[in-house]
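Colleague: Sequence and predicted structure are below.
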Amino acid sequence: MKKSYTLSLEKKEWNNCLHDVYDKKKKDIKIDGFRKGQVPYDVYTKKAGVESLYMDAIDAAVDILYAKLLSDKETITPAATPSIDIKNISKDMVEIEFTIVGAPEVKLGKYKSLGIKKEEIKVTEEEVEHELNHLKEHFVDEKVAELGDATLVNSNKIENENVVENSVEQEISKEVKQEKEEVVKPTNAETTPKEDTYFTTSKLERENIYSQMLETYQEIYNNANSTQEQKEKAIEEIAKINERRNAIMIAENLILAKGIENVVIFANENSVSVIAKAETLEPEKIAQIQNIVSRELEVGAEIISISTK
């Protein structure tokens, strides 16, 4: 369905459009005897002709007239932008024809009688837990598999205590104090670690995994169908995830403070993988990294593996 409508702007409204256009242009207009941007409207139109303002003024007129047309209840509903034809134009008025293609009329059948049974999907707590555990473990396995030319530098055991300067207990106590101080020291351009693609991407992916897990537990907690026990479990898991994220971040910063150029840590319930950017690691550095990770993540040394990349 197509229909045409002809509307016009009379002198007052049309002159407003012309003056508005001139006000926007006048700052760039210069005529002998007047400063740039200070030329009066009447002087300009006598010099350049009011016709020079028509093109831009028509745009404003179209907006005004089309709005009036759409507000009329008799106007058909447009399916697209109307075509426009300028029928008449002068300094006193403008007449514009709008041709509108109407939206097709759609008649719905008795759709309300159609019955679609909504299938209720029930997911058990065990299934959710299984998927989350799979997500954690699969991610760690994937990232370790991506190491490629990385070299394993420890074999899941603490190096001989003699590698550390003093006894393990004394050294850990000493390191904790020193490391905490070193981490908060501002770094300059020379000491800031280079962000390799592997390390940056791995940390972002790790954060994405944790975010997915947190979102899932939050949904369980907010679900009206969740039991009180499920909600309590969700809150407990959210706390664990946040604690682990913070512990990993602290451990990575402490390792960087030991002079390692870059490092990323992947952890799940059964293993912790530390990948350090280095050609090789001295036994003393390996022992320091193991001590840091074991202490901050509260895990046994037997599940910690350290590799260089």
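Modeller: Structure received. This one's a predicted model, so the numbers in the text were calculated from it and none came from an experiment.
Colleague: Domain parsing of the chain, as residue ranges.
Modeller: 2-101, 125-308 (automatic domain parsing).
Colleague: Let's test this: mean pLDDT of the last one, rounded?
Modeller: It refers to domain 125-308. On average, the pLDDT along domain 125-308 is 74.
Colleague: Mean neighbour count added to the domains of the chain, as CSV?
Modeller: Just so you know, the C-beta spots here come from the backbone N, C-alpha and C atoms, and that holds for glycine as well. As requested, those are exported to CSV (neighbours: other C-beta atoms under 10 Å):
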stretch, mean neighbour count
domain 2-101, 14
domain 125-308, 15
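Colleague: Distance to Lys110 for those - can I get that in CSV?
Modeller: What follows is these, written out as CSV (distance: least, C-beta to C-beta, whole Å):
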stretch, distance to Lys110
domain 2-101, 24
domain 125-308, 34
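Colleague: any idea how far Glu127 is from Asn253?
Modeller: Separation of Asn253 from Glu127 (C-beta to C-beta, to the nearest Å): 37 Å.
Colleague: Kindly report the same for Ala79.
Modeller: 48 Å.
Colleague: that older thread, of all the domains of the chain, which lies closest to Gly109?
Modeller: Comparison of the domains of the chain against Gly109 by C-beta to C-beta identifies domain 2-101 as nearest, at 21.3 Å.
Colleague: continuing past the longest helix seen in the chain, what's the next helix or strand?
Modeller: Ranked by number of residues, the top helix in the chain under DSSP state H is helix 228-256. Following helix 228-256 in sequence order, the next helix or strand is strand 263-267 (DSSP states H and E).
Colleague: could I get that next one in PDB with only the CA atoms?
Modeller: In PDB, the C-alpha atoms belonging to strand 263-267 read as follows (Å, rounded to 0.1, in the frame of the first residue of the first chain):
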ATOM      1  CA  VAL A 263      55.100 -15.900  35.700                       C
ATOM      2  CA  VAL A 264      51.600 -17.400  35.500                       C
ATOM      3  CA  ILE A 265      50.100 -19.900  37.900                       C
ATOM      4  CA  PHE A 266      47.300 -22.400  37.200                       C
ATOM      5  CA  ALA A 267      45.700 -24.200  40.100                       C
END
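Colleague: which other helices and strands contact it?
Modeller: helix 125-145, helix 197-222, helix 228-256, strand 272-276, helix 283-297 (3 or more C-beta pairs under 8 Å, 6 or more residues apart in numbering; DSSP states H and E).
Colleague: can you redo those as CSV with distance to Phe98?
Modeller: Shown next, in CSV, are the helices and strands packed on strand 263-267 (distance: least, C-beta to C-beta, whole Å):
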stretch, distance to Phe98
helix 125-145, 57
helix 197-222, 50
helix 228-256, 58
strand 272-276, 67
helix 283-297, 70
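Colleague: what's the residue lying farthest from the centre of the chain sitting at in phi/psi?
Modeller: Within the chain, Gly33 marks the point farthest from the mean C-alpha position, 56.5 Å out by C-alpha atoms, centre = their mean. When read as degrees, to the nearest 10, the backbone of Gly33 gives phi 100, psi -10.
Colleague: how close does it sit to Thr45?
Modeller: Counting by C-beta to C-beta, the gap from Gly33 to Thr45 is 16 Å.
Colleague: What of Ile303?
Modeller: 86 Å.
Colleague: and if you look at His130?
Modeller: For His130, the distance to Thr45 - C-beta to C-beta - is 79 Å.
Colleague: Likewise for Lys2?
Modeller: Separation of Lys2 from Thr45 (C-beta to C-beta) stands at 38 Å.
Colleague: Over to Ala60?
Modeller: Per C-beta to C-beta, Ala60 is found 17 Å from Thr45.
Colleague: residue ranges of the helices in the stretch 1-150 of the chain, please?
Modeller: 11-25, 41-48, 54-71, 125-145 (DSSP state H, counting those that start in this stretch).
Colleague: Serialize these to TSV and add fields for distance to Gln230.
Modeller: Below are those laid out as TSV (distance: least, C-beta to C-beta, whole Å):
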stretch	distance to Gln230
helix 11-25	63
helix 41-48	74
helix 54-71	53
helix 125-145	6
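Colleague: what's the closest of the ones you listed to Ser202?
Modeller: It's helix 125-145; of the helices of the stretch 1-150 of the chain, that one is closest to Ser202 (C-beta to C-beta) at 5.9 Å.
Colleague: Show me the shaky parts of the stretch 1-150 of the chain.
Modeller: 111, 114-116, 118-125, 128-129, 131-150 (pLDDT under 70).
Colleague: and the residue lying closest to His19 once chain neighbours are set aside, what does it touch?
Modeller: Leaving out its chain neighbours, the residue that sits closest to His19 by C-beta to C-beta, 6 or more residues apart in numbering is Tyr41, at 6.3 Å. The contact partners of Tyr41, taken as C-beta atoms under 8 Å, 6 or more residues apart in numbering, are 19, 22, 26.
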